[in-house]
Structures are given as C-alpha cells and as structure tokens.
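Trainee: Just to be clear, the model below is a prediction. Sequence and coordinates:
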Amino acid sequence: MLFQSFASVATAADPIASSEAIRCLLAYTYGLEDCQIKVEVVDGAIMLTGMASSEEASRMATSIAADFTSKQVICGLQVAVTSRRA
C-alpha cells in the first residue's frame, strides 16, 4: 500500500486533513497530471469529484485514495471526452 504508515494518523484525527492529504497525493501522482480532482469528506466518506483524463486515470485515483484511507471512497469523477480525428 502506498504510504500505509501514515494512513491511520491522517484519517483518524481530522477529516479535512485527510482530504487535503489525499488531494496532494493525487496532484503529484504520475499519470494524473491532466486531471482536475476535488476531494471532500461527505457523510464520513471520501468523495472524489471533478474531471479525469481517462477511465484508467479515474480508476487509479480511486485506488490510490482507497489505499490511503480506511473510509469508503466514492468516485464521482467524470471522464473527459476526447475527440479523435482521422
């Protein structure tokens, strides 16, 4: 797990600190540079909202958040539509 030793410290004390830690982690993760992800605590769960550059990026962000916290992670990310030109 990614940053397992810090997970219990960050998530136990302060939900705002938890969401900010996850937001920073996602912001600096390779492969998520083109994403605009907001992290909030809603009814005790971590909610990811905003825009992901692809389905893979959305799954990656959700997986990273789930690895970091013991709380439920809800993915509300929208995937950006890319137009393909022939």
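Mentor: Great, that's in hand.
Trainee: which stretches of this protein have low pLDDT?
Mentor: 1-13, 83-86 (pLDDT under 70).
Trainee: ok, which stretches of it are strands?
Mentor: Ranges of strands within the chain are 36-42, 45-52, 73-79, based on DSSP state E.
Trainee: Would you convert those strands into CSV that also reports mean neighbour count and distance to Ala21?
Mentor: C-beta: built from backbone N, CA, C; applies to glycine. As requested, those are exported to CSV (neighbours: other C-beta atoms under 10 Å; distance: least, C-beta to C-beta, whole Å):
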stretch, mean neighbour count, distance to Ala21
strand 36-42, 17, 9
strand 45-52, 18, 10
strand 73-79, 16, 13
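Trainee: Take those and lay them out in JSON lines including distance to Ile16.
Mentor: What follows is the strands of the chain, written out as JSON lines (distance: least, C-beta to C-beta, whole Å):
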{"stretch": "strand 36-42", "distance to Ile16": "7"}
{"stretch": "strand 45-52", "distance to Ile16": "12"}
{"stretch": "strand 73-79", "distance to Ile16": "16"}
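Trainee: start to end distance for stretch 35-55?
Mentor: 11 Å (C-alpha to C-alpha, to the nearest Å).
Trainee: no wait, stretch 44-57
Mentor: End-to-end for stretch 44-57, by C-alpha to C-alpha: 24 Å.
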